[in-house]
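Turn this into a model:
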Amino acid sequence: MTLTNLLVPTYSQMLKTLVSWLAKAEAQMPDKAESMLLARLAPDMFPLSTQIRFVCLQAQEALFRLRGEAFPASFDELVNEGRNAADHPGTIATAKSRIEETLTLLGSLAPDALDGDEDRPVAHEIPNGMIFDLTAAQYARDWALPQFYFHLMTAYAILRSEGVALGKVDYIPHMLPFIRPGTMPVG
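Sure, this is the predicted structure:
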């Protein structure tokens, strides 16, 4: 499996899933959906609005880093929005727009955009100054995917804790086309 075949479909399907969770929040709790953007699981965690932005950020970061490209100004905007989302959470529409921008970026990639030398070095510096020296494959496996899923699942948990009725089927809708005929539980 190539890095493009691993990351792009994973990011795309889960970003679309995140949009569906936000739509459920709006449909189930129209008067509360916008205020959920400030909800957190713990006082020292970022709110839902940041989690959504950081899901997008993690996907975008991997695309630029694995192609050896500098981050565009829009990337820095997204970082700053996420860090300041407790003060400026935006709206559900804004959140969906950020997700759509990320999906558009993913959709614009060539089928082999992230492929090549999976052993090429990737130096990944985090905001506290620590630098991880990884290969491209290690970066994708050990950083890019786990960080993406951390923020995605934190968003899911916040929505659940706020009362949005989400379940396993809401988490794995991309798997439904793979159900073997005649094995779907009835009732």
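
mind checking pLDDT for residue 64?
Taken from the predicted model, the pLDDT recorded for residue 64 is 95.

Show the backbone phi and psi for residue 122.
Backbone torsions for residue 122, taken as degrees, to the nearest 10, come to phi -130, psi 120.

Quick check: it touching residue 64?
No. Counting by C-beta atoms under 8 Å, residue 64 is not a contact partner of residue 122; they are 11.3 Å apart. No exception for glycine: its C-beta is placed from N, CA and C like everyone else's.

higher neighbour count, those two?
Just comparing residue 122 and residue 64: by other C-beta atoms under 10 Å the higher neighbour count belongs to residue 122, 19 against 14.

For that one, which non-adjacent residue is closest in space?
Once flanking residues are discounted, residue 122 sits nearest to residue 139: 4.3 Å by C-beta to C-beta, 6 or more residues apart in numbering.

Tell me which residue is most central in the chain.
residue 55 (2.7 Å; C-alpha atoms, centre = their mean).

residues contacting that one?
The neighbours of residue 55, taking C-beta atoms under 8 Å, 6 or more residues apart in numbering as the test, are 14-15, 18, 99, 148, 151-152, 155.
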